[in-house]
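**Q** Here you go, sequence then predicted model.
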Amino acid sequence: DTSAKKIALSNNYAGNSWRQAMLESWQKVTSKAVSDGVVAAADAFTTAENQATEQAAQIQNLILQGYDAIVLNAASPTALNGAVKEACDAGITVVSFDGVVKEPCAWRIAVDFKQMGKDEVTYVAQKMPNGGNLLEIRGLAGVFVDDEISAGIHEGVAENAQFKIVGSVHGDWAQDVAQKAVAGILPSLPEIAAVVTQGGDGYGAAQAFKAAGRPTPLIIMGNRQDELAWWQEQKDANGYETMSVSIAPGVSTLAFWVAQAILDGKEVPKDLVVPFLRIDQDTLAESLKTTPVGGVANVEYSQADAQKVIEGAQ
Amino acid sequence: MTAGLLTPRVLRSLLPALSLAVLLVAIFYLQPRAMSYFGINLLLNLAVPIALATLAQMFILTVNDLDLSIGSFVSFVACIAATWLSEMPLLGILALLGCILVYALLGALIYLRDLPSIVVTLGMSFVWLGLSVLLLPTPGGTAPGWLQALMKLKTPLVPFCVIAAIVIGLVVHLGLMRSAHGAVLRGAGGNPKAVARAGWSLLRIKVTMFALAGCFGVLAGLALVGLTTSADANIALRYTLLSIAGVILGGGEFVGGRVSPIGAVIGAMTLTLAGSFLSFLRLSPDWQIGAQGAILILVLALRMLINRAEARR
Amino acid sequence: MADPASPVVRLDGVEHRFGAVRAVAGVDLAVAAGECLGLVGHNGAGKSTLMHVLAGTLRPDQGALAVQGEVLTGRYDVVVAQRQGIRCVFQEFSLCPNLTVAENARILHPALTGFGWRAQAGRLIGEALDRIFPGHGIAAGDVVGDLSIAKRQMVEIARAFTVTDVPVRLVILDEPTSSLDAMVAGQLLAFVRSFTASGGSAILISHLLGEILGTADRIVVLRDGQVVATRPAAEFTRDSLVAAMGSVAKAEPGARPAAAAGRAGTGARIRAQPARQTDGQELVVHPGEIVGLAGLAGHGQTDMLLQLFAAAGRRGGRTLVAGEVALVAGDRQADGILPLWSIAKNITISSLRRMTRFGLIDPAAEQALASEWQARIQIRTPDLEHNILSLSGGNQQKALFARALGSAASILLMDDPMRGVDIGTKQEVYGIIRAEAAKGRSFVWYTTEMDELAHCDHVYVFRNGRIVADLARSELAEEKVLQASFAEAAA
Amino acid sequence: MAAEPAWQRLLAQPWLWSYLAAASVWAATIAFTQGQGGGQVLTAAFTFAAFFVIVGIGQMFVVTLGPGNVDLSIPATMTLAGTLAMRIMDGHEALILPGLALALGCGVVIGAINYGLIRALRIPPIIATLSSSFLIQSTAIWYNRGIRIKPPPALAEFATAQVAGVPVLAVGVILLTVLMHVLLTRTRYGRAVLAIGQNQRAAGLAGIPVDRIRLGTYMLCATLAGLCGYVQAGFAGGAALNMGEEYLLASIAVVVIGGTSVAGGNANVPGLWGAALFLFLLVTMLNTFGLGAGIRLVMTGIIIIAVIIAASGRQRAR
Ligand SMILES: Nc1ncnc2c1ncn2[C@@H]1O[C@H](COP(=O)(O)OP(=O)(O)OP(=O)(O)O)[C@@H](O)[C@H]1O
Ligand SMILES: Nc1ncnc2c1ncn2[C@@H]1O[C@H](COP(=O)(O)OP(=O)(O)OP(=O)(O)O)[C@@H](O)[C@H]1O
Ligand SMILES: [Mg+2]
Ligand SMILES: [Mg+2]
């Protein structure tokens, strides 16, 4: 019985549509859980700046406030270790997702980012067996997710030697930065067959190609509605084909249910894996319909879904 | 002025402490649990590296310069500490000393070529960040055991972080505000020409101040990594703004060598606590970020009110 | 008298240039032990530059320098000068405003270190202040930035006479009295006399020739960077000194006719009370009037001017100021000059509204105004586009004067505006002020020089932030002003 | 007056070095690609530099007010103005002008609030604008939670239009720059800003309405940030919550690299373009060289410092 338990969400960033969707899903699912009496409280906390030090302080405050579990989207996989350890020592359950932490006492709901990067290349290879030049748009330098996805992409390219990465830019996961970086490097690049991304930069890349007057390559999308809408447009106009992949913002709700299960005394392995959310040519229309305008394609999880994920891992 | 003790100057210098006290009381009211050894430790231990970084910034501000690179510098030190310092201590120590040397050289460069420090340190912020990414492309590493042990020290009665803050503040206060040499260093911010005319070398003063800043930056990085136990190239980028805000909040000024080390430490702690205060309020997530701004405004408005009241007396 | 054969310092053929300007053009100068040397000359004559060379802060382009007979040319700098016991009170403020009085004393004395240095420095500067300016009212712990300009000047002077490890041989005082009132200036000059009587040497620069004539043993007159006369002070009279400087001595102005219609006639342009006034006494200024503010420095005159300045253009309130206002600030470094700008821009800043056409400033009109005033009050510079800091102190002051006089303001507030202005120019400016007053402009003029009150139609004497005497031109007499300035509250 | 030769005056300009730096970085890029895409890189550079310049102008005026004056709320203002305008216009072309007015008005209000905090509550500008930026960011989040709404097609077309490889937007911003240069150097407002930056007290005593000028400057800065948010949203196909993030450092960087003095009282507008082009071309060059992120960052820093050292050498030689 967890009806007296309090769960907190510690979030390090709210400045993009993915995080907003994540907070919204959390709000939607947890408020129902609270009114159903499953848990006593499920409050969300966001730091003003996207910084590990601030989030560490936030976690320490949550410890003081007597939460029973902290669900964590971490700014850094390691820099919060000290604070997470303190929480564990205070008897608090810590469940991290999306941005997971390495501290062994915490649970991790991880997406296999490396696999995600690799899958992108595999898809491109399947579409273009003859290979070609790739442009890679990366995220924020020095951040774990950026490194993982990029490593996956490079692994994929190593397995498909017909491809070559001819340009790599850091888009800081911000569309305008990505667009700017691509526009800058594009004139100096040979013909590009495909653009591999980390999610959210597809639309900006397409704009940059258009502005430079270059043929639009195959651009891997990242589940943003504007990307999907653009894709749909191109598909209708000229049969454009690509795929879209990203982690669903609703994974926060999965983390919530996992935390609830742990508080409930269930045996849960420390490492859980959720599949990423992938949209293909055939599921595009349907996904576009369910995605709010200007938002991100999403999946929310129920208690039963969580149960399945836990059982799958055991 | 009848009350001998409560002169405007004394009151003015008490203001930062007063706003900190008000904030603490508010937090204790909202969360009585915080009023304990354990609670205070959790509230304030992350203020120690911030206070050190703030003091580093303060040394630079004293001589009318500004350091936009202190955040990435602290990150870089943290990266060194989590890698070389624990694996190859000698190399780590040499690297840290090298960092301080680089800071001293920057001071010399800025003085000799009469460069705007803000541009030079802006450039350095990229350099430090780049070096961190090279050293630690993906977050990780482990802080040396002794460092972790030091930062987790359980002192009797008063938490280590409080003692550390007091000691740091007092040491710098004695060195900069009370010592004979400190007067010259501050004078160089107030009227550099006058100090030069009295026969002091402004070059040596600049180099000293930048080296001190480097030194405290290194200490900040070590303290930080001791708490977090592992590092990340982006770990302390925010310290740049925090440190400037801390010095100003503590009663320092951008030009003219008017600084206060104790004020700066208090300013750093106030900034840390302002964030905590909010999480105790349990605001709607939409407004949590905005509330950070509101609380800063409130703290400063409070000081203005006290200032006014004092002026009216 | 001292033996001129073994001078404390000796300059031979010293020359210093700033770009094309030969500020010091071959000067020979010697100061004997126990001598007070007076140095006079028009604004921009090169006095300060020469003193900078002597103090080691400027390296001469040519010439030799010897201290105590030892030739030090080439390796002379501030540190050497300090070690030789040569101290300088520069014309520009040279204290650190963020430090306390005691800490500022420490800046001058590398020997003041170790435990208890603070108390020692406080004692040192306190004693010096007590000796030179009895009743100064300055504490060693005061922050210099919080002090009035007069007190800052006193601290700086006292600091030059403090001794730790090196005895003071020569003290250079570059216009030390320009911010002091007559009483404090008198204290300083008396001290300088006793200092030289006990064997020290001093160089005194001032534009108040009475001070020089009364204090110096020997006077050197500088003109355009060259020495034009060196004679014992006794051989000079005021007129011969003025003549040597290259100005024409004018007869003191005759009594100005009192404003024809009397004060009750026209409506007042200014009606104001000092904030601390309790008895209803008002400051009243009519169009065309020159009103003087007198009293000892720091007794509320500057505050009064600032109060009037703030009230201008504001309707209502207790202070009536009907008309546009311009101010000549008292502390030219802190409140006057805009240091990054040219002389021309510094002059025109208060007059831009008149020179704006279609929203744009007309450069030709700007140029014209600046040139006009350069000619009218003789700002010495090869080019008005040069930076304001390239001017000598007195010439900077003239530029500020030009700024205020050149503006369209009908009321001019002047905070001891003749600080550091040479005697020739003063006469010109007095003339300009009287001419402008005749055209209907009003002047409120705070001055520390008794002579200048003679130009006023009406004088208000201040003490402790209040107006304590209200003297019409016909009642004006030096004793009355002094009496009102010093008298303890009688009633 | 002795007229200096024209080339000597040119060499003495503080903005010269940012242009030289931009040109050499561009040349290095083109050398690496053996001439390929030189023109296109320039087109892109002018397009993106235009955004930096818009906010740079405002930041420059604020910085010129003297030490401690800086506007840290530019990113948040951009976000809020862009978000508000996009949502109100909701893709309707008829609302393009009202949308613009809203974005600018948003800036005006924010500028007034910023200066209100600075003046009425005596909060140092750096903390006042930082605090207000949090509030503004929150307002933007609360208002539409990061939903990305497309701009009206005509606006998007205008923002991305090119005539013979020349971005229309850049031409517009160049005109704005000329206007602002005149504002700074030839108007009473400009003089007042420069005077306040040298010595606020002296400026006030010389009869300059210090409060009004400072208020106007903070409002100008925020309004330009609002304009930038609007155009940027039009350009990028919608407003994002993080759209202004990189403009915090960038706005300060273009100002100081462009030769404006952080100590106040000395500003120059032309340098903004040089610095903005330089920053864009620098990133492009390092991207083109294909170096790793770490090396790229280190090089960025070293090149910035090298440029400032070179520029200072020139100023000394005068
Ligand atoms: N830093 C400088 N740069 C250029 N020219 C200067 C500089 N300092 C002084 N000068 C010029 O040198 C000349 C001598 O100046 P100096 O200050 O020695 O005059 P002064 O006799 O002290 O005048 P005053 O009585 O006004 O103080 C003046 O023409 C002045 O314009
Ligand atoms: N007051 C100033 N402060 C800083 N830089 C300035 C100032 N005035 C001009 N500049 C710089 O010098 C450059 C050239 O100035 P110049 O005087 O030739 O322009 P101008 O159009 O003739 O202006 P004005 O008519 O005001 O003299 C300008 O582009 C500007 O960058
Ligand atoms: Mg002089
Ligand atoms: Mg010109």
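**A** Looks like it came in fine. Numbers count the residues shown, from 1 in each chain, chains lettered A, B, ... in the order given. Ligands and ions are numbered 1, 2, ... in the order given.
**Q** what lines up beside the one helix or strand residue A:272 maps to in the sheet?
**A** Per DSSP states H and E, residue A:272 falls inside strand A:271-273. Paired with strand A:271-273 in the same sheet, following DSSP bridges, are strand A:107-110 (parallel).
**Q** got a pLDDT number for residue C:105?
**A** Predicted confidence (pLDDT) for residue C:105: 94.
**Q** burial count for it?
**A** 29 (other CB atoms under 10 Å in any protein chain shown). C-beta coordinates here come from the backbone N, C-alpha and C atoms, glycine included.
**Q** Name the residues of the strand holding residue A:272 that come out as buried.
**A** residue A:272 (16 or more other CB atoms under 10 Å in any protein chain shown).
**Q** repeat for stretch C:75-93
**A** C:76, C:78, C:81-82, C:84-93.
**Q** could you point out which element follows the strand holding residue A:272?
**A** Per DSSP H and E, strand A:271-273 leads on to strand A:277-279 as the next helix or strand towards the C-terminus.
**Q** Check the average confidence over stretch C:33-50, would you?
**A** The model assigns stretch C:33-50 a mean pLDDT of 91.
**Q** measure it end to end?
**A** Start-to-end span of stretch C:33-50 (CA to CA, to the nearest Å) is 19 Å.
**Q** Tell me if that stretch is near ligand 3.
**A** Yes - Stretch C:33-50 comes into contact with ligand 3 (CB under 5 Å from the ion), by way of residue C:48.
**Q** Just checking that stretch against chain B, any contact.
**A** No - contact of stretch C:33-50 with chain B (CB under 8 Å from any CB of the partner chain) is absent, the minimum separation being 12.9 Å.
**Q** ok, and does that stretch reach over to ligand 1?
**A** Yes - Stretch C:33-50 reaches ligand 1 (CB under 6 Å from any ligand atom) through C:41, C:43, C:44, C:45, C:46, C:47, C:48, C:49.
**Q** which ones are touching the second one?
**A** Spelled out, it's residue C:43. C:380, C:392, C:393, C:394, C:395, C:398, C:420, C:421, C:422, C:425 (CB atoms under 8 Å, 6 or more residues apart in numbering or on different chains).
**Q** Now rank these by neighbours and give me the top one.
**A** Going by other CB under 10 Å, residue C:398 tops the contacts of residue C:43 with 31 neighbours.
**Q** From the chain's centroid, how far away is the host helix or strand of it?
**A** Using DSSP H and E, residue C:398 maps to helix C:393-406. Distance of helix C:393-406 from the chain centroid (CA atoms, centre = their mean, to the nearest Å) equals 13 Å.
**Q** Alpha carbons of whatever helix or strand comes next after it, as PDB, please.
**A** For helix C:393-406, the following helix or strand on the C-terminal side (DSSP H and E) is strand C:411-415. Extracted in PDB, the C-alpha atoms of strand C:411-415 (Å, rounded to 0.1, in the frame of the first residue of the first chain):
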ATOM      1  CA  ILE C 411      20.400  80.600 -13.900                       C
ATOM      2  CA  LEU C 412      24.000  79.600 -13.300                       C
ATOM      3  CA  LEU C 413      25.000  77.700 -10.100                       C
ATOM      4  CA  MET C 414      28.700  77.900  -9.500                       C
ATOM      5  CA  ASP C 415      30.400  75.800  -6.900                       C
END
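**Q** how near is residue D:160 to residue D:151?
**A** Going from residue D:160 to residue D:151 by CB to CB, to the nearest Å gives 10 Å.
**Q** Give the residue from the two that has the larger number of neighbours.
**A** Neighbour count, other CB under 10 Å: between residue D:160 and residue D:151, residue D:151 has more, with 28 against 18.
**Q** tell me the SS of the residue most central in space within chain D?
**A** Nearest to the geometric centre of chain D sits residue D:56, at 1.8 Å (CA atoms, centre = their mean). Classification of residue D:56 by DSSP: H, G, I helix; E, B strand; the rest coil places it in helix.
**Q** for it, what are its contacts?
**A** So residue D:56 contacts D:250, D:251, D:254, D:255, D:258, D:272, D:275, D:276 (CB under 8 Å, 6+ apart).
**Q** pretty sure the first one is in a helix, no?
**A** In this case it means residue D:250. Yes - under three-state DSSP, residue D:250 falls within a helix.
**Q** how many neighbours does it have?
**A** With other CB under 10 Å as criterion, residue D:250 counts 22.
**Q** what's the closest non-adjacent residue to it?
**A** Closest residue in space to residue D:250, ignoring its immediate chain neighbours: residue D:52 at 5.5 Å, by CB to CB, 6 or more residues apart in numbering or on different chains.
**Q** shouldn't the one you found be in contact with residue D:251?
**A** Yes - at 7.3 Å, residue D:52 counts as touching residue D:251 under the criterion of CB atoms under 8 Å.
**Q** higher neighbour count, these two?
**A** residue D:251 (33 against 28).
**Q** Please report the distance of that one from residue D:68.
**A** 16 Å.
**Q** How about residue A:288?
**A** Distance from residue A:288 to residue D:68, by CB to CB: 50 Å.
**Q** before we move on, what about residue C:340?
**A** Where residue D:68 is concerned, residue C:340 sits at a distance of 17 Å (CB to CB).
**Q** what does residue C:405 give?
**A** The gap separating residue C:405 from residue D:68 is 34 Å, by CB to CB.
**Q** got a list of what residue A:305 touches?
**A** Residues in contact with residue A:305 (CB under 8 Å, 6+ apart) are A:254, A:257.
**Q** Name the SS class of it, please.
**A** The local conformation at residue A:305, judged by three-state DSSP, is helix.
**Q** In contact with the nearest residue to residue D:161 once chain neighbours are set aside, which residues?
**A** Among residues not flanking residue D:161 along the chain, residue D:168 sits closest, at 4.3 Å (CB to CB, 6+ apart). By CB under 8 Å, 6+ apart, the residues touching residue D:168 are D:158, D:161, D:162.
**Q** sorry, back to before: indicate whether the helix holding residue C:398 makes contact with ligand 3.
**A** Yes - contact between helix C:393-406 and ligand 3, assessed by CB under 5 Å from the ion, occurs at residue C:393.
**Q** re the thing from before, what separates the residue nearest to residue D:161 from chain C, distance-wise?
**A** 27 Å (CB to the nearest CB, to the nearest Å).
**Q** swap in residue A:154?
**A** 54 Å.
**Q** and what of residue D:191?
**A** Distance from residue D:191 to chain C, by CB to the nearest CB: 6 Å.
**Q** Also residue D:59?
**A** Distance of residue D:59 to chain C, computed by CB to the nearest CB: 19 Å.
**Q** Could you find the closest non-adjacent residue to that residue?
**A** Closest to residue D:59 by CB to CB, 6+ apart is residue D:251, at 4.2 Å.
**Q** Give me the neighbour count for the residue of the stretch 101-250 of chain B at minimum distance from chain A.
**A** In the stretch 101-250 of chain B, no residue comes nearer to chain A than residue B:233, which is 3.3 Å away by CB to the nearest CB. Other residues near residue B:233 come to 32 when the count uses other CB under 10 Å.
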